[in-house]
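Student: Sequence first, then the predicted structure, then my questions.
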Amino acid sequence: MKVITTLMLKEQLDTLMGTEVCLQGWIRNHRKQKNMGFIDFFDGTCFKNPQVVYDNSMANFDEVAALHVGAAITVVGKVVPSYKDASTPELQAISITLEGDSPEDYPLQPKRHSVEFLRKIAYLRPRTRLFQAVFRVRSVAAMAIHTYFQDRGYVYVHTPLITANDAEGAGDTFTVTTLPKGSTADSSEDFFGKATSLAVSGQLEGETFAMAFSKIYTFGPTFRAENSNTKTHASEFWMIEPEMAFCDIHQLMDIEEDFLKSIVRTVLEKCPDELEFLDKFSGGGLIEKLRSLIDAKCARITHREAITILREAKDRFEFEPQYGGDTAKEHEKYLTEEVFHGPVFIYDWPKDIKAFYMFQNEDGETVAGVDLLVPGSGELMGGSQREHRLERLCRRMDELHISQEQMDWYINLRRFGGCVHSGFGMGFERLIMYLTGVENIRDVIPYPRTPGECEF
C-alpha cells in the first residue's frame, strides 16, 4: 500500500474518507485503556494531525499498547470521521508497526514544557506543536520572500560570507584567520593576505549587482559579534537585502510597504492552523494584528517630526527623545500603538547616527535613511537612499576615517555610470517573531548562536 502524508490526507479528505491508507510518523501522545488506545500521531507535513484509534482485535494489541511516546511507527488504517473535529480525520487502525523505539525517559513527554527547557534539547524541539508552528511559518515566509522578488524581476545574488569590509562600520565582526593561536604574524601572512571577517551584511556587494541588473536581492546568513544577551539579538541570523537602481527614498518606502504586506498576506493564507495555535500561545491578538497590517496605510514622518511628537508627550518616557538621537523601544511603541495605531516610516535621520553610505540631504544635518516601525515589534526594516555622488561619498568616508583605498571598488560604482539607488535590510528572525508572536529570537531560529552559546 502506498504511503501518504497527513497533508495529503487533509487535502483529499473527502476522497479518502472510508478508505484504507498508510501513514508513517511519530507518537506525540499515547493514551491507553483496557481494551483500546488512542495515539496522537504526527509526521510533520500538516499541523492538524489525525488521531489513531486501535482496539484489542489487533493481533499485536499488547505490543502496540506498550509503544512509547516519541516512537516512529507505520500505521495502516481506515479513515473515519472524528467526533471532535470534522476537519481533522481519525484513523481506525488495522495494523501498527514499530519502526524505531523510544525509551520511557524520552524528554518530550505529553505536558507543557518551557521554551527555556526546549532550548536545551533544540534537536528535539521541532517535534513540539509550538515549534512545528514556528518553523512552518518560517518556511512559508522564506518562500514568500523569494516569490515576491522573483515575480517582480529581481535577481537573487549570493554575496560573500567572508569579507574584507565591514559594511556597517561598527567593527563588531568575527575574525576569519588560519594563523595559529598566539601567532604574532601580520595579517598579510594570513590565508587571504589581509584581515578578513564574517560578513555583517551583503549590502555593499549587492549594490554592485544592482548597478548591472537594476533590481537584486540577497537572502542569507550574516554574523555580528555583539556581546548582547537581549531577546532580539543573535550572533548568526538571516538577512533580506534588496537593492534597486533608479529608486529614491520615497519609492523605497512604497516597495517596503508592499513587500511586507505581501509576506504577511501569504502567511495568513497558507498557515491558518499554525497561526490559530500561535495566537492562543501568545495570548491572543496575533491574527488581528497581522490582518490590521494588511489593511493599514503606513504613516510617513521625518525624524524631526517624530521627535517633536514624542517631546510633546511630556513625562511619558524613561528616555528623553532627542532631535539628534536614536529612538528607544518605548518611543517606537508610543508612535505605532498610541499615535498612528499602525505601522510608521521614520525618514531623514541625523547623519551622525547613520552609516556612511546614506544619501546626504541638502540641510547638511540629515541623511535619507528610513526605518519602518510596526506595532508590537518596533523597528522591522531599515534602509536608505544610497549616496551616489562621488565627492559627497568620499568626503563622508574621510570624515569617518574609512579607507578609500580599501573601498575603491565601492567608490568606483559612482565613477562608472552611477545613479540614484536605494535598498533596505530586514532581519528574517525579527520578521518571524512578528509573524508568530514569539518574543525571543532564540525560539525562531533552529539553533541559536548567542554569546557563550554554540550548541548542536
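Tutor: Structure received. Numbering: from 1, shown residues only.

Student: In the chain, where is pLDDT below threshold?
Tutor: For the chain, the stretches flagged by pLDDT under 70 are 166-171.

Student: Quick one: neighbours of Ser228, just the number.
Tutor: 13 (other C-beta atoms under 10 Å). Any C-beta I mention is one placed from the backbone N, CA and C, and that applies to glycine too.

Student: Please disregard the earlier target; I meant Ala93.
Tutor: 22.

Student: On the three-state scheme, it is what?
Tutor: Following DSSP: H, G, I helix; E, B strand; the rest coil, we place Ala93 in the strand state.

Student: Name the helix or strand for the closest residue to it other than its chain neighbours, please.
Tutor: Spatial nearest neighbour of Ala93, chain neighbours left out: Tyr54 (3.9 Å); criterion: C-beta to C-beta, 6 or more residues apart in numbering. According to DSSP states H and E, Tyr54 maps onto strand 51-55.

Student: Please tell me how far the residue lying closest to Thr88 once chain neighbours are set aside sits from Pro451.
Tutor: Spatial nearest neighbour of Thr88, chain neighbours left out: Lys48 (4.8 Å); criterion: C-beta to C-beta, 6+ apart. As judged by C-beta to C-beta, to the nearest Å, Lys48 and Pro451 stand 38 Å apart.

Student: residues touching the residue nearest to Thr88, list them.
Tutor: 6, 10, 85, 87-88, 273 (C-beta atoms under 8 Å, 6 or more residues apart in numbering).

Student: Equivalent analysis for Lys270, please.
Tutor: Contacts of Lys270 by C-beta under 8 Å, 6+ apart are Val140.

Student: Residues touching stretch 117-127, excluding its own?
Tutor: By C-beta under 8 Å, 6+ apart, stretch 117-127 touches 26, 28, 42, 44, 70, 107-108, 128, 130-132, 135, 442-443, 446-448, 455-456.

Student: and if you look at stretch 220-227?
Tutor: Against stretch 220-227 from outside (C-beta under 8 Å, 6+ apart): 158-159, 161, 170, 172-174, 198-202, 233, 235-239, 451.

Student: Buried only: go through the contacts of stretch 117-127 for me.
Tutor: Buried by 16 or more other C-beta atoms under 10 Å: 26, 28, 42, 44, 70, 107-108, 128, 130-132, 135, 442-443, 448, out of these.

Student: what about the strands in the stretch 351-456 of the chain?
Tutor: Applying DSSP state E, counting those that start in this stretch to the stretch 351-456 of the chain gives strands spanning 366-374, 378-386, 421-427.

Student: And the ones you listed: which comes nearest Glu405?
Tutor: Proximity to Glu405 (C-beta to C-beta) singles out strand 378-386 among the strands of the stretch 351-456 of the chain, at 20.4 Å.

Student: Quick one: distance of that closest one to the chain centre.
Tutor: In terms of C-alpha atoms, centre = their mean, to the nearest Å, the centre of strand 378-386 is found 16 Å from the chain centre.

Student: relative to strand 421-427, how tilted is that strand?
Tutor: 160 degrees (axes from the mean of the first three to the mean of the last three C-alpha atoms, to 10 degrees).

Student: Can you check what angle separates strand 378-386 from strand 366-374?
Tutor: Using the same axes, to 10 degrees: strand 378-386 against strand 366-374 is 150 degrees.

Student: Packing partners of strand 378-386?
Tutor: helix 249-270, helix 329-334, strand 366-374, strand 421-427, helix 428-436 (3 or more C-beta pairs under 8 Å, 6 or more residues apart in numbering; DSSP states H and E).

Student: let's go with 10 Å and repeat that
Tutor: helix 203-213, strand 236-245, helix 249-270, helix 329-334, strand 344-350, strand 366-374, strand 421-427, helix 428-436 (3 or more C-beta pairs under 10 Å, 6 or more residues apart in numbering; DSSP states H and E).

Student: Let's see the second one as CSV, backbone CA atoms only.
Tutor: Presented in CSV, the C-alpha positions along strand 236-245 are these (Å, rounded to 0.1, in the frame of the first residue of the first chain):
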residue,chain,number,x,y,z
GLU,A,236,24.1,34.5,13.5
PHE,A,237,20.9,35.4,11.7
TRP,A,238,19.5,35.7,8.2
MET,A,239,19.0,39.0,6.3
ILE,A,240,16.9,40.0,3.4
GLU,A,241,18.6,42.9,1.5
PRO,A,242,17.2,44.2,-1.8
GLU,A,243,18.9,46.9,-3.8
MET,A,244,17.2,48.9,-6.6
ALA,A,245,18.7,51.2,-9.2
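
Student: relative orientation of that strand and strand 421-427 in degrees?
Tutor: Using the same axes, to 10 degrees: strand 236-245 against strand 421-427 is 160 degrees.

Student: what about strand 236-245, distance to the chain center?
Tutor: The mean C-alpha position of strand 236-245 is separated from the chain mean by 12 Å, C-alpha atoms, centre = their mean.

Student: helices or strands next to that strand in the packing?
Tutor: helix 129-151, helix 203-213, strand 215-223, helix 249-270, strand 378-386, strand 421-427, helix 428-436.

Student: And Ala59, how far from Phe38?
Tutor: 19 Å.

Student: out of those two, which sits in the busier spot?
Tutor: Phe38 (15 against 9).

Student: sorry, back to before: redo the helices and strands packed on strand 236-245 as CSV? Include distance to Thr19.
Tutor: Converted to CSV, those look like this (distance: least, C-beta to C-beta, whole Å):
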stretch, distance to Thr19
helix 129-151, 26
helix 203-213, 51
strand 215-223, 42
helix 249-270, 27
strand 378-386, 46
strand 421-427, 45
helix 428-436, 35
